[in-house]
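Q: fold the stuff below for me.
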Amino acid sequence: MRFISKPSLKVCATIITKNIKNSLCLSTMNMDMDGGSDNNWRGVPLSELYGSQSPWGAPEFRLVSPSHNHAVLYHVPSSGCVAADRPPKPQIGQDKWDSEHVRLPCSDQSLYPVGDNNGVSHLKKRWEMIENALSKPIRNSHELGNAILSYNTNFRNTWKFRGLHKLFDEYLEEEETQYFFDVTLPEVIKLALDLPKLVQAPIPLLKQHKNFSVSLSQQQVASLLANAFFCTFPRRNATKKTSEYASYPFINFNSSGLYESSNSDANLEKLKCICHYFRRVVTKVPVGTLTFSRRSVPPRDCPSWPKSTRPLGSIPLHVEPLSTIEDADSLIQIDFANKFLGGGVLGHGCVQEEIRFVICPELMISMLFTEVMRPNEALMIIGVERYSKYVGYGHSFQFAGDHKDNTPRDSSGRRRCAVLAIDAVPYNSLAQEFRREAITRELNKAWVGISFDIDSYSDRLQYPGVATGNWGCGAFGGTPHLKSLVQLMACAEARRPMAYYTFGDTQLRDDIANMYNLLARHNVTVGQLYRYLVRFAQENNVLLTRFYTYLEKVLKENNESSQNSSDNMMDTSVTESTPVTVVIDDESTDNSPDLFSQDEMDQSLLEVAIQSERIANKTDTKQETTNMFKKPKTNTTQQVKTVQPTNHLTEQQIEQQITLQIDQQVDQHIEHKESSKSPPTADTKKMSLLDAVTIMEEDNKHEQHTSLASNKRFSLLSDTKPAKVSESQSTPERKRSTPKKLITDYFNTKNNK
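A: Residues are numbered from 1 along each chain as shown. Model (predicted):
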């Protein structure tokens, strides 16, 4: 599917004949690029990205099935389908306290040093301390803070909970605060303390360089998040680079200061989203499941971008300024991730990833077991449910109430919502961003995620499509015009359609749509665009030149160069300004044992043979056809025929005209002979002559590359004269009779009779 500007009816008919569906999409995209029916989006309708008539008719991801690289922490029935009305039962396993699994606070090996009255330190089970602290009444934020510090004593002088206090003492209405501590918090405590019952199997860590998946129930995730709310996870508060979990995100909610910031309304609004989530899950236990899949592709297995032949115009594109990624039902929704998942969600961050994590808090559990991502890795989360509405962005972010998620579930009990976490690299300048290494890195990162679960053996479009936007821009300093092309290239390589959301920027919407139109119209491939990007940085000051302007200029120049090259190729064969001159050496002709110039009909048959050779060598024209039947002059040493070619006839049309004139000459000769001899009949003679001509033509097919010129009988020359040849050289020996010999033999036999 691609754009073309003002196509001819003939071209459109050809495209429709080859692929009706793509042509219809092409027409739709052209119309929408000119404005769209609602003057909002550009490209194809969003429905073109589903692969079906409705969002939920798109292909599902593979169902949950325990395997060597997929740990499932709940019981999967033999049918593979979980119950739709109750949470699945936990999978029973054995606790593992090691570097390959999450160290749970309820593990018997989770010990905490406690000093007695004499100053002697003793190890005590951490879970017992947690149960004891949370079992006491907690009526306000101050008592909540003291409970958390009772099993995090190392942070007594650090954690002041200023943000938590401001939220409940000043920011919320008094009724809301009262409801939280009287109703919601006791249930959240119960949910947290049920962890040993709900999670009975070890949770594997999703480590670097490994392809591995973990599936949990929503109820299990809620219990784990409740423990994160109370900061119970051991060894996850350390900030030293040498600590065990230094390469993992923080998971305890106050590890990076979520409870500390009191002068950021956005942080308080994030806390409101989290509190709302807990209110929802304790009011009604969620019954679904989620899958977290880490994908790692060795650099050697990533595409060779300069060599890619995937056409960019083959990918359906939808560009929209007003909607948001999380509203793109059934599409793979891109999380503009930090390499440490969640980014600043537990700190001061409040942009795309942080907002997505607080309106869908189940995403935060990925921070518990996902190691920092490498450049060739991505994380896919399937089954995400949204709980909150919001308005604003960054400092203006606000919780806007409850959100009822009506997304249907798949057979494994997961919401049909897939969030793909891919992290871009921060850049300080355009020059850095346009370096070959930087472009390759971003392409590989995007492709590793977008190509998740595709059919590698099919060239068809892969569904569902991808919903993305200004990935790596904003706080990371990326350029939307470049990042949109990078993601388009990755989608084209993975054969997934793309929906691009510009977050209110209508100019960017039009720029992306117009650039896509240009790329499609010029049939630009992924590899070509990659080379243009690299060349742009090498030849231009990226601060002064817009890449889109540069690319438009380059494509225009290439198109003109291609047209000139095509015209020149046509000029090298036959042109009106350069007539074809056929030079025949009379001496060589007269000495040839296969040619008979003394008989008019034999001379005509000679011309038939010559013309047949011309057909084989594709040098004949309509004017040559007329001249070939003229008897050559014999009173000169050379005879020259100047042929003015006709460029408007196809090879087939020329051959048809030649055949017609041959038949006319044969008929004339038969009529001439009929006037002097009656038997045999004219019809018999005509059939015999035609048979001879047929034999001649078949022989010429076997000798396409052996023209009369190569036999020294005539030459196609521009300025030079043909060299004379001896009689012995004029006709090379042949194993089979030549067409001219066959025809001569025919007439000898005829005359004898």
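Q: in the chain, what helix or strand scores lowest on average pLDDT?
A: Across the helices and strands of the chain, mean confidence by mean pLDDT, DSSP states H and E is lowest for strand 714-717: a mean of 36.
Q: tell me the buried residues in the helix or strand hosting A520?
A: Assigned by DSSP states H and E, A520 belongs to helix 506-521. Going by neighbour count (16 or more other CB atoms under 10 Å), the buried part of helix 506-521 is 508-521. All C-beta spots, glycine's among them, are computed from the backbone N, C-alpha and C.
Q: what of stretch 462-482?
A: 462-473, 475-482.
Q: show me what contacts V526?
A: P303, W305, S308, T309, R310, P311, L312, M489, A492, E493 (CB atoms under 8 Å, 6 or more residues apart in numbering).
Q: the same query, at a cut-off of 6 Å, please.
A: Residues near V526 by CB atoms under 6 Å, 6 or more residues apart in numbering: S308, R310, M489, A492, E493.
Q: so the second one sits right up against A492, yeah?
A: Yes. Counting by CB atoms under 6 Å, R310 sits close enough to A492 to count as a contact (4.6 Å).
Q: among the two, which residue is more densely surrounded?
A: A492 (25 against 18; other CB atoms under 10 Å).
Q: so which helix or strand takes in the more buried one?
A: helix 480-494.
Q: so what touches the strand ranked longest in the chain?
A: Looking across the chain with DSSP state E, the single longest strand is strand 289-296. If you take CB under 6 Å, 6+ apart as the criterion, strand 289-296 is touched by 206, 209, 211-217, 366, 377-383, 412-414, 448, 452.
Q: beyond it, next helix or strand please.
A: strand 317-320.
Q: who does that next one touch, helix- and strand-wise?
A: With contacts taken as 3 or more CB pairs under 6 Å, 6 or more residues apart in numbering; DSSP states H and E, strand 317-320 sits against strand 42-43, strand 498-501, helix 506-521.
Q: what element comes up after the shortest one heading to the C-terminus?
A: Read that as strand 42-43. strand 70-72.
Q: now the helix or strand following that following strand: buried residues?
A: Next along the chain after strand 70-72, taking DSSP H and E as the criterion, comes strand 111-115. Under the neighbour-count criterion of 16+ other CB under 10 Å, strand 111-115 has Y112 buried.
Q: strand 111-115 pairs with which strands, and in what direction?
A: strand 121-125 (antiparallel) (DSSP bridges).
Q: the partner strand: which residues count as buried?
A: So, applying 16+ other CB under 10 Å, buried residues of strand 121-125: K125.
Q: show me the shaky parts of the stretch 101-250 of the chain.
A: Counting by pLDDT under 70, the stretch 101-250 of the chain contains no low-confidence residues.
Q: show me where it has helices.
A: Here the stretch 101-250 of the chain has its helices, by DSSP state H, counting those that start in this stretch, at 126-135, 141-149, 162-166, 174-179, 185-193, 195-198, 218-229.
Q: how about a markdown table for these, with distance to F503 added?
A: A markdown table is the format used below for the helices of the stretch 101-250 of the chain (distance: least, CB to CB, whole Å):
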| stretch | distance to F503 |
| --- | --- |
| helix 126-135 | 41 |
| helix 141-149 | 35 |
| helix 162-166 | 28 |
| helix 174-179 | 31 |
| helix 185-193 | 34 |
| helix 195-198 | 38 |
| helix 218-229 | 28 |
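Q: which one, of those, ends up nearest to D85?
A: helix 218-229 (13.2 Å; CB to CB).
Q: that closest one vs strand 289-296, what angle?
A: 70 degrees (axes from the mean of the first three to the mean of the last three CA atoms, to 10 degrees).
Q: in whichever helix or strand comes after helix 218-229, what counts as buried?
A: Later in the chain than helix 218-229, the nearest helix or strand by DSSP H and E is helix 265-283. Buried residues in helix 265-283, counted by 16+ other CB under 10 Å: 265-282.
Q: just the residues contacting stretch 387-402, thanks.
A: Contacts of stretch 387-402 (CB under 6 Å, 6+ apart): A266, E269, K272, C273, H276, Y277, R280, C350, V351, I359, H403.
Q: correction: stretch 548-567
A: The contact list for stretch 548-567 (CB under 6 Å, 6+ apart) reads M515, H522, Y532, F536.
Q: narrow the residues you listed to those that are buried.
A: Among the contacts of stretch 548-567, those scoring as buried are M515, H522, Y532, F536 (criterion: 16+ other CB under 10 Å).
Q: these two touch, right, C473 and H481?
A: No. With contacts defined as CB under 6 Å, C473 does not count as touching H481, sitting 9.7 Å away.
Q: care to break this protein down by domain?
A: In terms of domains, the chain is parsed into 70-519, 580-752 (source: automatic domain parsing).
Q: looking at those, which is buried most?
A: domain 70-519 (a mean of 19; mean count of other CB atoms under 10 Å).
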